[in-house]
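Q: Return atomic coordinates for the entry below.
(chains A and B)
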Amino acid sequence: MGWTLVQTQTASSVSFIQFTIDGTYDEIMFVVTHYRPTTDEQELEWQVKTSSYGSYNRGIQSNNYLMWVNRGTGGDQMSFYGGSPWWQDSSDAETQAFLGGEGTTTTGTGGNAAQMGASGALTFYKPQDTTHWKHWDAKQSNIYTGNGTLAQTNNYPIYTSGYVKEAEALTGIRFNCRSGSIAVGTFSMYGLA
Amino acid sequence: MATKAEWVTTLMSEHPYGSLHSMVDGVRTPHSNAEHDVIIDGWADGRVADEARKEILKNGGASAEYAHFRTEQMIDGSYPTIGDQLDMLYRDITNGKFGEDAKTSTWYAAVKATKDKFTKPS
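A: Numbers count the residues shown, from 1 in each chain, chains lettered A, B, ... in the order given. Below you'll find the predicted structure:
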């Protein structure tokens, strides 16, 4: 049996979006499409709570790699992206970056903000396990405008993975911008039994 | 750069009490004033961090986060590619800018062997 759509929430100027996680599924995946922050360049982040810790500030150990090429200058890289919170130590207990916020769209010719945004998927493995720390991974595709011009409008995929350093069951997840509201975005939760 | 307190004032002006909502399991709910304050405080932290990042990108700096911003500069193409940098190094050694001993180095010999094997058409 394949992935089952559990719930879809459509964001419209909200400070955060939360999903309740129960023990129905072995794996859960959150697919976010056409996310756009109210304020330019604000990434979408997430945190979780557990059965005995009701606050969204659990320890997350994470890492990433980024792929990027500039066809104009020939520059390219596949590297670790050092920007926090795209990686963190479990003692940081920060919200974890997931999707890039689009670049400057309020000035210049970088593009119509309504047409820009980011999409991606975040998967948790055995979120209800009560023995092991909880592995997760995520991929994202965004549109970034370096300086508000079309010439510097590009895409750079970032792949992140890690674990929530909690042996008890995950019971909820919260998505929010680093600063400001989530302007738009469709958030769907899928489960794999 | 604005202070955190200034950002709190700005954000409160943009988002007065009652204007912020959450969405939990499909239900949209306005935040209480106490929740509102916590959210604005967090957003202000984010704005202060953003401004600090942009300041370092513009003028340089040596903060603990510098490695992050330096990486972003690379994204913007500030540095030549690694391949181009190595090619510059090879040419400088060939031209004697690091002394004759540099031409006996393991790295130079390995690169030169490949270049000699696959000679670029003139």
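
Q: residues contacting the residue nearest in space to the middle of chain A?
A: By C-alpha atoms, centre = their mean, the mean C-alpha position of chain A lies nearest to A:F98, the distance being 2.0 Å. Each residue near A:F98 by C-beta atoms under 8 Å, 6 or more residues apart in numbering or on different chains is listed here: A:V32, A:E43, A:L44, A:E45, A:W46, A:G120, A:L122, A:A138, A:Q140, A:T160, A:F175. The way it works is simple: take the backbone N, C-alpha and C, and place the C-beta from them, glycine included.

Q: Could you list which of those also contact chain B?
A: Among the contacts of A:F98, no residue sits close to chain B (C-beta under 8 Å from any C-beta of the partner chain).

Q: rewinding a little: direction included, what does the stretch of helix or strand the residue nearest to the centre of chain A belongs to pair up with?
A: Using DSSP states H and E, A:F98 falls within strand A:96-99. If you go by DSSP bridges, strand A:96-99 pairs up with strand A:44-50 (antiparallel).

Q: tell me how far the strand it pairs with is from the chain's mean position?
A: 9 Å (C-alpha atoms, centre = their mean, to the nearest Å).

Q: Stretch A:18-37 too?
A: Here stretch A:18-37 is found 10 Å from its chain centre; the criterion is C-alpha atoms, centre = their mean.

Q: what's the weakest-modelled helix or strand in chain B?
A: The helix or strand of chain B with the poorest confidence is helix B:66-75; it has a mean of 51 (mean pLDDT, DSSP states H and E).

Q: which is the next helix or strand following it?
A: Later in the chain than helix B:66-75, the nearest helix or strand by DSSP H and E is helix B:82-94.

Q: and that next one, what other elements does it pack with?
A: Applying 3 or more C-beta pairs under 8 Å, 6 or more residues apart in numbering or on different chains; DSSP states H and E, one finds that helix B:82-94 makes contact with helix B:106-117.

Q: Do you have the strands of chain A handy? List them.
A: A:4-14, A:16-20, A:27-37, A:44-50, A:60-69, A:76-79, A:96-99, A:118-125, A:134-142, A:144-145, A:153-154, A:158-164, A:170-177, A:182-192 (DSSP state E).

Q: quick one on the thing from earlier: which one of the contacts of A:F98 has the most neighbours?
A: Most neighbours among the contacts of A:F98, by other C-beta atoms under 10 Å in any protein chain shown: A:L44, with 30 neighbours.

Q: isn't that residue right next to A:Y35, touching?
A: Yes. Using C-beta atoms under 8 Å, A:L44 makes contact with A:Y35 at a distance of 5.2 Å.

Q: and for these two, which residues touch both?
A: Counting by C-beta under 8 Å, 6+ apart, the contacts common to A:L44 and A:Y35 are A:L99, A:A118, A:I182, A:G185.

Q: just how off-centre is the strand holding A:F98 within its chain?
A: On C-alpha atoms, centre = their mean, the centre of strand A:96-99 falls 3 Å from the chain's centre.
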